[in-house]
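[1] the sequence and its predicted three-dimensional model are supplied below.
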Amino acid sequence: MSEKPTLFTSLSPALLHLYDLTDAVVVIIDVFRATSTIASALYNGAQYVIPVDAVPAAIEIGKKVNGIAAGERDGKLAEGLSHGNSPLEYTPDFIGGKILVLTTTNGTKLLHMALANGAGDIVTGSFPNLSVVCNYLIHKKKNVVLACAGWKDRFNMEDTLFAGAVIHRVKEHFTIHCDSSFMAEGLYAQHKGHLLEFSKNFTHYHRLVNRFGYIDDIEFCLTEDIANVLPLYQDEKLIKG
Ligand SMILES: O=C(O)[C@H](CS(=O)(=O)O)OP(=O)(O)O
């Protein structure tokens, strides 16, 4: 009997160095909101997304590729960028055929950290593209690291819940000896029927909804398969895989 590949969950960027990324598919997870926004932009016809880890670089690259330089810091539009990090901003009319250059507080930084740690096979995941990510992991038959962006190195619930949702669907295909994966799946199994209601307790819900009123974004970001495309990292871009 052939051995199954392994699956691990990194609950924070601060823990990422503990995992071997070199021979694995790394799923970058930032449910609120970077990876939901990336799925939305590609689903609605963006040519591709360039994830960037700093605002000045996003502005410079945006000019060079004649793209839309977008992103935020701490939930607000960052100075010098013309668009934010809301998945609802990237409608087909607006983003169709265009290049999005995106920089965010947690998600795009984590993707660059994964690259610096040797990752060669990177996709981004969120509830809006849950099924396509799971199918990719099953068909690749490679080791997997589910990498949660958290918030400024802290653990968060929404990224952990998404990791749990993936594990719930793919677990028969992997060897999983990882307590964070076990915890993530248990959490998802317990709350999958009422994610929106459950999310009202989360730190990020307070940050995004109570401070900025982004409730529609939260609903989008917790809706499974509403933008079911695979953002695949190739040649410094996220393309539709
Ligand atoms: O834009 C977001 O949703 C967050 C903002 S915050 O700084 O975490 O409040 O950034 P992200 O990198 O998408 O987590």
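    Everything's here; your move.
[2] how about the helices of the protein, start to end?
    34-43, 55-65, 92-95, 107-116, 130-140, 157-170, 179-191, 195-199, 203-205, 215-221 (DSSP state H).
[3] could you say which of those helices is packed most deeply?
    The highest average neighbour count among the helices of the chain, using mean count of other Cβ atoms under 10 Å, belongs to helix 34-43 at a mean of 30. For glycine as for every other residue, the C-beta is placed from the backbone atoms N, C-alpha and C.
[4] check whether that helix comes near the ligand.
    Yes. Helix 34-43 is in contact with the ligand by Cβ under 6 Å from any ligand atom, via Ala34.
[5] again with stretch 85-105
    Yes. Counting by Cβ under 6 Å from any ligand atom, the ligand is contacted by stretch 85-105 at 85, 104-105.
[6] so how far is that stretch off the chain centroid?
    15 Å (Cα atoms, centre = their mean, to the nearest Å).
[7] note down every partner strand of the helix-or-strand element of the chain with minimal mean pLDDT and its orientation.
    Using mean pLDDT, DSSP states H and E, strand 76-77 stands out as the lowest-scoring helix or strand of the chain, at a mean of 89. In the sheet, strand 76-77 lines up against strand 68-73 (antiparallel) (DSSP bridges).
[8] near the ligand, which residues of the chain?
    Neighbours of the ligand within the chain, by Cβ under 6 Å from any ligand atom: 30, 32-34, 72, 74-75, 85, 104-107, 149, 151, 207-208.
[9] now do 5 Å
    When proximity is defined as Cβ under 5 Å from any ligand atom, the chain approaches the ligand at 30, 32-34, 72, 74-75, 85, 104-107, 207.
[10] mind giving me the ChimeraX select for the residues you listed, buried ones only?
    To isolate the buried ones among the residues of the chain next to the ligand in ChimeraX, judged by 16 or more other Cβ atoms under 10 Å, type:
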select :30,32,33,34,72,75,85,104,105,106,107
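[11] got the residues of the chain next to the ligand as a markdown table, with pLDDT columns?
    As requested, the residues of the chain next to the ligand are arranged in a markdown table below (pLDDT from 0 to 100):
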| residue | pLDDT |
| --- | --- |
| Asp30 | 98 |
| Phe32 | 97 |
| Arg33 | 97 |
| Ala34 | 97 |
| Glu72 | 91 |
| Asp74 | 87 |
| Gly75 | 85 |
| Asn85 | 95 |
| Thr104 | 96 |
| Thr105 | 93 |
| Asn106 | 95 |
| Gly107 | 96 |
| Arg207 | 92 |
